[in-house]
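> Sequence and predicted structure, then a few things I'm wondering about:
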Amino acid sequence: MELAPQLRRIGNDIIAAHLIVADEGITLVDAGLPGHYRDLERELHELGRPISDIKGVVLTHGDTDHIGFAERLRSELGIPVYVGAEDADRAKGAKPPATPKDPRRIGPVIQFFAYAITKGGLRTHPLREVVPVHDGDVLPLPGSPRVLAMPGHSPGSIAIHVPAVRAVFVGDELTTRHVLTGVDGPQPAPFTDDQAGSSASIERLAGLDVDWVIPGHGAPWRGDAPSLIAAYRTAEGLPAAG
Ligand SMILES: [Zn+2]
C-alpha cells in the first residue's frame, strides 16, 4: 500500500514492514513474518519492479516479528541484511531476555497471535549472516538510510532516518497501537527490555526533520517528531491499560 510515492507498506496495523522505492532500487525496512513474503511479491508486482531491485534489508531490531523473510532474501538472492550490532545475535536466533509482564486484553492478544500464525510466525528463520551497523552509519542503499542507535526495546534497536522520503522508522522503540491492549496512539511498546532506556532514546528523534514517524506496529504517524514525542510523553504518564 502506498503511503507516499516512494514509501510503501506491507502488512497492517498489527505487523508492518516498509519499502523505500527509488529509481536505483528498493530498500526494505524490516521483514515482518515469513508469510509477508507473498505480500512483498504482490507489492513489487503492483510497482512493476523485479525482486532483484531490492538492494538491502535494514532491521530496526532482531525480534522474530521483524526478521520474517529476511533470511530467505539473503540466502536465495544474496541481499544483505543490516542490523544494529548489539542485536546481531538476536537476529541470528538468540532468545531475548524475559520482559516484565505487559498490560494486555484478551481480544487484542488473540488477534495478534492469530495474525502472526497466519503469517507463518511459528516458522521464522533466524539470519545466518548479518551486516552489523552502528550509530551514525549511512548505509549504501537506495534512500541513503542513516542509523540512529535507540537502545531500550532491545540493546541493538535502531531508528532508520530516510531524508529522501522524510521518514524515520522506529521499529518497536515506540508503538502507535499496543498489540496486547489494542490501545491506539503513540506510547511505549510491549516486550521492551529496558523501558527507561527506551524512553530516553525517544528524545533522539526530536531533531529530525520528518513528516512520518513509522513504527513496526500501529498506524504510521503523519506529523513531525516533536508532536509525536509530546503524544508519547502524555501516554507514558497515564496508568497502563490492563
Ligand atoms: Zn515487533
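Looks like it arrived, so ask away.

> Return the residues of the chain in contact with the ion.
Residues of the chain found near the ion (CB under 5 Å from the ion) are 65, 172, 216. Any C-beta I mention is one placed from the backbone N, CA and C, and that applies to glycine too.

> list the contacts for residue 66?
Residue 66 sits next to 17, 30-32, 59-60, 171-172, 216 when contact means CB atoms under 8 Å, 6 or more residues apart in numbering.

> Pull the residues that contact stretch 5-16.
1-3, 17-22, 30, 32-33, 36, 39-40, 42-43, 47, 65, 111-112, 115-116, 119, 143, 164-165, 167, 177, 179, 212, 214, 216-220.

> Buried ones only from the residues you listed, please, as a PyMOL command.
Filtering the contacts of stretch 5-16 down to the buried ones (16 or more other CB atoms under 10 Å) takes a single PyMOL command:
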select buried, resi 3+17+18+19+20+21+22+30+32+33+36+39+40+43+65+112+115+116+119+143+165+167+177+179+212+214+216+217+218+220
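
> Return the subset of the contacts of stretch 5-16 lying in helices.
Using DSSP state H, the members of those that fall in helices are 36, 39-40, 42-43, 47, 65, 111-112, 115-116.

> can you give me the helices for this structure?
Ranges of helices in the chain, per DSSP H, are 36-47, 64-67, 70-77, 88-91, 106-118, 195-202, 225-237.

> Adding mean pLDDT, write these out as a markdown table.
What follows is these, written out as a markdown table (pLDDT from 0 to 100):
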| stretch | mean pLDDT |
| --- | --- |
| helix 36-47 | 97 |
| helix 64-67 | 96 |
| helix 70-77 | 98 |
| helix 88-91 | 98 |
| helix 106-118 | 91 |
| helix 195-202 | 96 |
| helix 225-237 | 94 |
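
> per-residue confidence at the residue nearest to the spatial centre of the chain?
Nearest to the mean C-alpha position of the chain, by CA atoms, centre = their mean, lies residue 171 at 3.2 Å. As predicted, residue 171 sits at a pLDDT of 98.

> What sits closest to it if chain neighbours are left out?
residue 60 (2.6 Å; CB to CB, 6 or more residues apart in numbering).

> In contact with that neighbour, which residues are there?
Contact analysis of residue 60 by CB under 8 Å, 6+ apart lists 29-30, 66, 157-160, 169-173, 216.

> With residue 139 instead?
27, 56, 58, 82, 133, 145-147.

> So it versus residue 82, what's the distance?
According to CB to CB, to the nearest Å, residue 139 and residue 82 sit 6 Å apart.

> now swap in residue 65 and tell me
Taking CB to CB, one finds residue 65 at 18 Å from residue 82.

> The protein: strands as residue ranges?
Applying DSSP state E to the chain gives strands spanning 2-4, 7-11, 16-22, 25-29, 54-59, 81-84, 131-133, 146-149, 158-162, 167-171, 175-177, 184-187, 212-215, 221-222.

> Go through the ones you listed and find the least confident stretch.
Ranked by mean pLDDT, the strands of the chain end with strand 2-4 at the bottom, a mean of 90.

> So what's the gap between that one and the chain middle?
16 Å (CA atoms, centre = their mean, to the nearest Å).

> Test of understanding: give the bridge partners of residue 148.
residue 159 (DSSP bridges).

> What residues does it make contact with?
135-136, 158-161, 168, 204-205.

> Now a ChimeraX select for only the buried ones of the residues you listed.
Command for ChimeraX that selects the buried part of these, burial taken from 16+ other CB under 10 Å:
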select :158,159,160,161,168,204,205
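
> if we can go back for a sec, Throw the contacts of residue 139 into CSV and include neighbour count, thanks.
Shown next, in CSV, are those (neighbours: other CB atoms under 10 Å):
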residue, neighbour count
27, 26
56, 21
58, 29
82, 24
133, 24
145, 28
146, 19
147, 20
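
> of these, closest to the ion?
residue 58 (14.8 Å; CB to the ion).
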